[in-house]
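In: Just to be clear, the model below is a prediction. Sequence and coordinates:
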Amino acid sequence: LQVPHTPSQPLGSCESRRFTNKHSKKALKASLTLGILLGMFFVAWLPFFVTNVTQAVCSCIPAGFFDVLTWLGYCNSTMNPIIYPLFMRDFRRAMGKFLPCCRLEGEPRPSTLSLSMRNSNSGPRAATSIKNVL
């Protein structure tokens with residue numbers, strides 16, 4: 001007896017699995033990035049806040065130690081512009097558009113006029129006169 005071979009999954013299922021796999025990888029990467037950012041934030045700022053509350057209650061924290069913890073938090077804030085481009089491709093692309101040091105080879109530089117018009121909402125408008133306003 002020969003049993004005819006029938007595919008166990010329809011052709012569309014393979015594509016949907018690939019689609020799901022791609023999105024699960026993106027979700028995993030986003031979760032990893034968020035975990036790293038939040039982990040670094042808590043490691044840097046939690047000791048500062050705990051020490052700050054302790055200092056308010058018992059005044060037993062040396063000023064030098066408090067300063068070290070404050071600067072640890074500042075260092076964390078300094079690391080964010082470094083961490084974001086490392087883990088986020090969209091952030092890298094946006095930075096590349098506006099910073100010459102981060103621009104990719106083939107990308108054109110945006111004109112100053114288009115940037116100022118885009119940011120100031122001063123594009124073409126319908127003519128208005130005093131009569132129309134009043």
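Out: Thanks, I have the structure now.
In: C-alpha only now, for contacts and for neighbours.
Out: Noted.
In: Going toward the C-terminus from the longest helix seen in the chain, what's the next helix or strand?
Out: When secondary structure is assigned using DSSP state H, the longest helix within the chain turns out to be helix 11-58. Proceeding C-terminally, helix 11-58 gives way to helix 63-87 as the next helix or strand, assigned by DSSP states H and E.
In: outside of that following helix, which residues touch it?
Out: Outside of helix 63-87, the residues that reach it under the criterion Cα atoms under 8 Å, 6 or more residues apart in numbering are Thr33, Leu37, Met40, Phe41, Ala44, Trp45, Pro47, Phe48, Thr51, Asn52, Phe91, Arg92.
In: tilt between that helix and helix 11-58?
Out: The directions of helix 63-87 and helix 11-58 differ by 170 degrees, with axes from the mean of the first three to the mean of the last three Cα atoms, to 10 degrees as the criterion.
In: What residues sit buried inside helix 63-87?
Out: Applying a neighbour-count criterion of 16 or more other Cα atoms under 10 Å, the buried positions in helix 63-87 are Phe66, Leu69, Thr70, Leu72, Gly73, Asn76, Tyr84, Pro85, Phe87.
In: Let me know the average pLDDT across stretch 78-98.
Out: This predicted structure assigns stretch 78-98 an average pLDDT of 80.
In: returning to what we had before: just checking, what packs against the longest helix of the chain?
Out: Contacts defined by 3 or more Cα pairs under 8 Å, 6 or more residues apart in numbering; DSSP states H and E place helix 11-58 against helix 63-87.
In: where in the protein is pLDDT low?
Out: When residues are selected by pLDDT under 70, those of the chain lie in 1-19, 102-134.
In: what do you get if the cut-off is 80, keeping everything else the same?
Out: Residues of the chain meeting the criterion pLDDT under 80: 1-23, 81, 84-88, 95-96, 99-134.
In: if we can go back for a sec, now restrict the contacts of helix 63-87 to buried residues only.
Out: Buried subset of these (neighbour count, 16+ other Cα under 10 Å): Thr33, Leu37, Met40, Phe41, Ala44, Trp45, Pro47, Phe48, Thr51, Asn52, Arg92.
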